[in-house]
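1. A structural model of the following input is requested.
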Amino acid sequence: MTYYKHILVGLDLSQESQQVIDHVSQLFEGKPVTISLVHIQEPLSLAYGGDIPMDLSEIQRQMEVQAKNSLNEIKAKLSQFNVACHVIIGQPAHEMHRFAQENAVDLIVVGSYGRHGLALIFGSTANGVLHGASCDVLAVRIKEED
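-> Numbering: from 1, shown residues only. Okay, here's the model as predicted:
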């Protein structure tokens, strides 16, 4: 039986990211897989579109460092797997597609919040990743806290 060998796990580093990690850990337990933990940060300069007349590069750098530290904490919990951490600046769906193609990824795993209506149309990274991916995509349904 053929199974996935290189899995890209796209994380937003929210508390709910642990649900995605738990699914990946359970699905691939005992399998010789490589996991690439990927966090994509949109550039602050694009997010604010020049509305703030200041240099945001130091803040962006600090956010990258914080994201790398968070990914390394997650990596430590996945010691049974071969894990690499990546923080990438760009648009999430586009950068995940690019990373998957450049790194022979077999499966992209992302969390899905199950939004409906306009939130789904305008805000779903999972939907963006699904459309245009060159490999399989697994959307893990995030269960919201009551």
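
2. show me where pLDDT drops low in this protein?
-> 1-2, 45-54, 114-124, 145-146 (pLDDT under 70).

3. quick one, helices of it?
-> 17-27, 44-48, 57-77, 92-102, 117-123, 125-130 (DSSP state H).

4. just the buried positions in the third one, please.
-> Looking back up the chat, that one is helix 57-77. Buried residues in helix 57-77, defined by neighbour count with 16 or more other Cβ atoms under 10 Å: Gln60, Met63, Ala67, Ser70, Leu71, Ile74. Where C-beta positions appear, they are placed from N, C-alpha and C, glycine not excepted.

5. specify which member of those residues is nearest to His86.
-> Nearest to His86 among the buried residues of helix 57-77, counting by Cβ to Cβ, is Leu71 at 7.7 Å.

6. list the contacts of the residue nearest to that closest one when sequence neighbours are not counted.
-> Nearest residue to Leu71, sequence neighbours excluded (Cβ to Cβ, 6 or more residues apart in numbering): Cys85, at 3.9 Å. With contact taken as Cβ atoms under 8 Å, 6 or more residues apart in numbering, Cys85 is in contact with Ser36, Leu37, Lys68, Leu71, Asn72, Ile74, Lys75.
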